[in-house]
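# What follows is a protein structure lacking sequence information:
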């Protein structure tokens, strides 16, 4: 298989993988943010501050069940971005 053919396969596969990562991230946020109820009023101020500055990282740090689900998110996101970049490099038309 030559690079051009791989590029034609990787381009849509990378976009689909990154879209799947975004959908998975939304699922994790919606299903795991209920665990934030364990924090009391003063602690909740720091939790909300952390989530304001970096929502994704805060979910994975503050919600213990989300950590295992984060592995799939990172695999999809990094794999999709890598496929997309390789496709852009390998395809003859570069823009």
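Looks like it arrived, so ask away. Note that the structure is predicted; figures quoted are calculated from it, not measured. Numbers count the residues shown, from 1 in each chain.
# Tell me the helix or strand right after the lowest-mean-pLDDT helix or strand in the chain.
When each helix and strand of the chain is scored by mean pLDDT, DSSP states H and E, helix 41-53 comes last, with a mean of 70. Next helix or strand after helix 41-53 toward the C-terminus (DSSP states H and E): helix 55-62.
# tell me the contacts of residue 76?
Residue 76 sits next to 17-18, 20-21, 24 when contact means Cβ atoms under 8 Å, 6 or more residues apart in numbering. C-beta here means a position set from N, CA and C on the backbone, and glycine is covered the same way.
# just checking, what packs against the top helix by length along the chain?
Determined from DSSP state H, the single longest helix within the chain is helix 3-32. Counting contacts by 3 or more Cβ pairs under 8 Å, 6 or more residues apart in numbering; DSSP states H and E, helix 3-32 packs against helix 55-62, helix 66-90.
# Tell me which residues of the first one come out buried.
Neighbour-count burial for helix 55-62, counted by 16 or more other Cβ atoms under 10 Å, picks out 58-60, 62.
# what's the answer for the longest one, then?
By 16+ other Cβ under 10 Å, the buried positions in helix 66-90 come out as 66, 69-70, 73, 76-77, 79-80, 83-84, 86-87, 90.
# would you list those residues in CSV and tack on distance to residue 49?
Shown next, in CSV, are the buried residues of helix 66-90 (distance: Cβ to Cβ, whole Å):
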residue, distance to residue 49
66, 18
69, 23
70, 21
73, 23
76, 28
77, 25
79, 32
80, 30
83, 36
84, 33
86, 38
87, 39
90, 43
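# If we only consider the residues you listed, which is nearest to residue 43?
Closest approach between the buried residues of helix 66-90 and residue 43, by Cβ to Cβ: residue 66, at 17.9 Å.
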